[in-house]
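1. turn this into a structure:
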Amino acid sequence: MATESKTSLVQAVWNGSIVAESDETIVVEGNHYFPAKALKMEFFKQSPTTTTCNAKGMANYYHIEVAGKKNTDAAWCYVNPKESAKRIAGYVAFWKGVKVS
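-> Coordinates of the predicted model:
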């Protein structure tokens, strides 16, 4: 189940830079999903990668680039999720060494 985290600021950090921060994340399956407005877009590049989750639908990915280093497919979002996951439409989550706290 998804829960909203509105009590404290949550940050996503990679390679020493804050790439996203928000006090309005939604937690699903242990992952903080950040609203699109929380992303520092200068660090994000769209990836052609997609995957499919039976519960949420098709995920689209982003590469994160900071200080000349690239973290391939380190962020994902569901642009048009299944009905059961509509709350996270357009929200972005992280993995591959991106620290979220």
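2. tell me who's in contact with Ala67.
-> The contact partners of Ala67, by Cβ atoms under 8 Å, 6 or more residues apart in numbering, come to 15-17. C-beta: built from backbone N, CA, C; applies to glycine.
3. that one and Phe43, how far apart?
-> As defined by Cβ to Cβ, to the nearest Å, Ala67 lies at a distance of 10 Å from Phe43.
4. please enumerate the shared neighbours of those two.
-> Ser17.
5. if we can go back for a sec, buried ones among the contacts of Ala67?
-> The neighbour-count test (16 or more other Cβ atoms under 10 Å) marks Asn15 as buried among the contacts of Ala67.
6. let's have the contacts of Ala67 in JSON lines, adding pLDDT, secondary structure and distance to Glu83.
-> Formatted as JSON lines, the contacts of Ala67 follow (pLDDT from 0 to 100; DSSP: H, G, I helix; E, B strand; the rest coil; distance: Cβ to Cβ, whole Å):
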{"residue": "Asn15", "pLDDT": "98", "secondary structure": "coil", "distance to Glu83": "36"}
{"residue": "Gly16", "pLDDT": "97", "secondary structure": "coil", "distance to Glu83": "39"}
{"residue": "Ser17", "pLDDT": "98", "secondary structure": "strand", "distance to Glu83": "36"}
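7. flag the shaky bits of this structure, pLDDT-wise.
-> Applying pLDDT under 70 to the predicted model, the residue ranges of the chain that meet it are 1-7.
8. and the strands in it?
-> For the chain, the strands defined by DSSP state E cover 3-5, 10-14, 17-22, 25-28, 31-33, 44-53, 57-66, 69-77, 92-94, 99-100.
9. hey, which of these is tucked in deepest?
-> strand 92-94 (a mean of 24; mean count of other Cβ atoms under 10 Å).
10. helices and strands around that one, which ones?
-> Helices and strands in packing contact with strand 92-94 are listed as strand 17-22, strand 31-33, strand 69-77; criterion 3 or more Cβ pairs under 8 Å, 6 or more residues apart in numbering; DSSP states H and E.
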